[in-house]
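S.K.: could you work out the structure for the sequence below:
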Amino acid sequence: MERVRWFAGCLTLTLLCALTGCGFLTSREREYVSNEDLLEEVATLSRFPVNPELFELTRVDARDDSITYQYRGVRFVGDHAWVVRFSEKSTEQDPVAVENLYTLLPVVGEKRSGFAPIGEGEEEIGGERLRFIRYRFDSPVRDAEGQPLPGTGILGSVRIDGAGGDLIYQIKLDNHGDREEVTWESLKPFLEAIRG
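M.R.: Okay, the predicted model is just below:
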């Protein structure tokens with residue numbers, strides 16, 4: 001009789017744990033197959049390796065005429081970036097529009113509280129011209145009092161002469177509170193990858 005009660009008690013406890021999500025019977029470690037190696041291979045094949053000590057590639061979207069790389073910061077964990085590489089087509093109606101930052105700026109600022117451009121400029125880098133606009137915004141990351149951390153960002157574009165036609169790179173780097181400023185020099189890891 002004692003064995004039956006003990007068994008019934010164990011069965012009841014097991015069912016109760018299963019229904020309430022009790023975790024002592026299962027492992028809290030999560031196992032999954034990472035795509036990190038595949039992402040690194042895509043970056044290598046597309047000749048766009050970014051220093052992994054500064055940025056981690058998290059996603060790639062490849063189309064027939066463009067490729068988008070998305071990154072998260074390693075040194076500055078508040079960094080979030082994307083780079084879009086366009087292959088300019090001979091049938092493009094307005095090729096200059098792709099590298100015009102003022103057409104892209106409203107998209108970057110959409111649905112961001114406190115978004116405001118704070119400066120623009122150009123830098124000559126290895127024979128290429130980087131055009132950029134810096135901006136501020138209220139980060140979605142909050143401090144201990146619930147106030148948004150000050151976010152900073154930069155949007156840039158570079159045109160590169162390629163053997164099969166020009167390539168245009170759009171770069172956006174946001175920081176959600178652990179950098180005082182994001183400047184054109186913050187884009188150097190991406191610019192180095194562009195120059196290859």
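S.K.: give the buried residues for the longest strand seen in the chain.
M.R.: Secondary structure of the chain per DSSP state E: the longest strand is strand 128-142. With burial defined by 16 or more other Cβ atoms under 10 Å, the residues of strand 128-142 counted as buried are 130-139. (Each C-beta comes from the backbone N, C-alpha and C, glycine too.)
S.K.: do stretch 156-167 as well
M.R.: So stretch 156-167, judged by 16+ other Cβ under 10 Å, has buried residues 156-159, 166-167.
S.K.: which pair in those residues spans the largest distance?
M.R.: Gly156 and Asp166 (16.3 Å; Cβ to Cβ).
S.K.: the helices in this protein, which residues?
M.R.: With helices called from DSSP state H, the chain shows them at 2-20, 36-45, 95-99, 101-109, 188-195.
S.K.: what are the buried residues along the last one?
M.R.: It refers to helix 188-195. For helix 188-195, by 16+ other Cβ under 10 Å, it's 189-191, 193-194.
S.K.: what of stretch 62-78?
M.R.: 67, 69-71, 73, 76, 78.
S.K.: need the CA coordinates for that stretch. CSV is fine.
M.R.: Written as CSV, here are the backbone C-alpha positions of stretch 62-78 (Å, rounded to 0.1, in the frame of the first residue of the first chain):
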residue,chain,number,x,y,z
ALA,A,62,20.8,38.2,-50.8
ARG,A,63,18.9,39.2,-53.9
ASP,A,64,20.0,39.2,-57.5
ASP,A,65,21.0,42.9,-57.4
SER,A,66,21.6,43.6,-53.7
ILE,A,67,22.7,42.0,-50.4
THR,A,68,21.9,43.2,-46.9
TYR,A,69,24.2,42.4,-43.9
GLN,A,70,23.0,42.9,-40.4
TYR,A,71,25.3,43.2,-37.4
ARG,A,72,25.3,43.5,-33.6
GLY,A,73,28.1,45.1,-31.7
VAL,A,74,30.7,43.1,-29.8
ARG,A,75,32.9,45.8,-28.3
PHE,A,76,29.8,48.1,-27.9
VAL,A,77,26.8,45.9,-27.3
GLY,A,78,24.5,48.8,-27.9
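S.K.: any idea of the mean pLDDT for that stretch?
M.R.: Across stretch 62-78, pLDDT averages out at 93.
S.K.: hmm, who's touching that stretch?
M.R.: Here stretch 62-78 makes contact (Cβ atoms under 8 Å, 6 or more residues apart in numbering) with 42-43, 46, 48, 50, 52-61, 79-87, 89, 139, 141, 149, 175-179.
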